[in-house]
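Asks: mind looking at a prediction? Sequence and model below.
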Amino acid sequence: MNNLQIDLSKLNYKFIKKPLLVGGKAMEYYGLRKSGNDIDFIAYEEDIKNLIKIYPGRVKDLWGDLGVCPFEFEIWRSISYLKYEDLLSKAKEMDDYYVISKYNLLLMKALAMDKEKYLNDTKMIVKSLIDDLSKQYDSERSSVDAILSEVRDIKFIEKSGW
């Protein structure tokens, strides 16, 4: 993971709630792949309303997903109808924004995986999550062994992972 430097000051706007970084820059944050040129955020609805007033000539409405796109930013009310409140849990807080959690990023990519780019992103995130979870093996193994050590004569009907 790296600390991306994203300068929101050029928007000349103070967000009511820190926006949520999604898309390619979030993939880059997690070290999964390099991002493209645009920077995607999902923002609190009041922030979207205010930004549209500032940039009325830079609005997108894609099947009900509303966004405003000044400069290199794409700032959305929702993507695949998932809103700020839906995706904020477990986000990583930065100075000026949040970075979507890997789990919620996976959800977003999975919903769009009919496109090859997003299918590939989905596979990268899944591999990364499996790698993250495998780092917990020793700790989990110790906990399981401690539980099992308290019971005599256990007969497993199935056992793997040794």
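Replies: Happy to help now that I have it.
Asks: pull out the buried residues from stretch 66-77.
Replies: Buried residues in stretch 66-77, defined by neighbour count with 16 or more other CB atoms under 10 Å: 66, 67, 68, 69, 70, 73, 74, 75, 76, 77. Every C-beta, even on glycine, is put in place using the N, C-alpha and C of the backbone.
Asks: list the contacts of it.
Replies: For stretch 66-77, contacts defined as CB atoms under 8 Å, 6 or more residues apart in numbering pick out 8, 10-11, 19, 23, 37-43, 45, 47-48, 51-52, 54-55, 58-61, 65, 78, 83-84.
Asks: same question, stretch 151-162
Replies: 141, 148.
Asks: and the biggest helix by length in the chain, what does it pack onto?
Replies: Ranked by residue count and defined by DSSP state H, the top helix of the chain is helix 116-134. When contacts are defined as 3 or more CB pairs under 8 Å, 6 or more residues apart in numbering; DSSP states H and E, helix 116-134 packs onto helix 23-29, helix 102-111.
Asks: for the first one, what is the distance to the chain centroid?
Replies: To tie it back to what came earlier, the one meant is helix 23-29. Here the centre of helix 23-29 is set off from its chain's centre by 8 Å, with CA atoms, centre = their mean, to the nearest Å.
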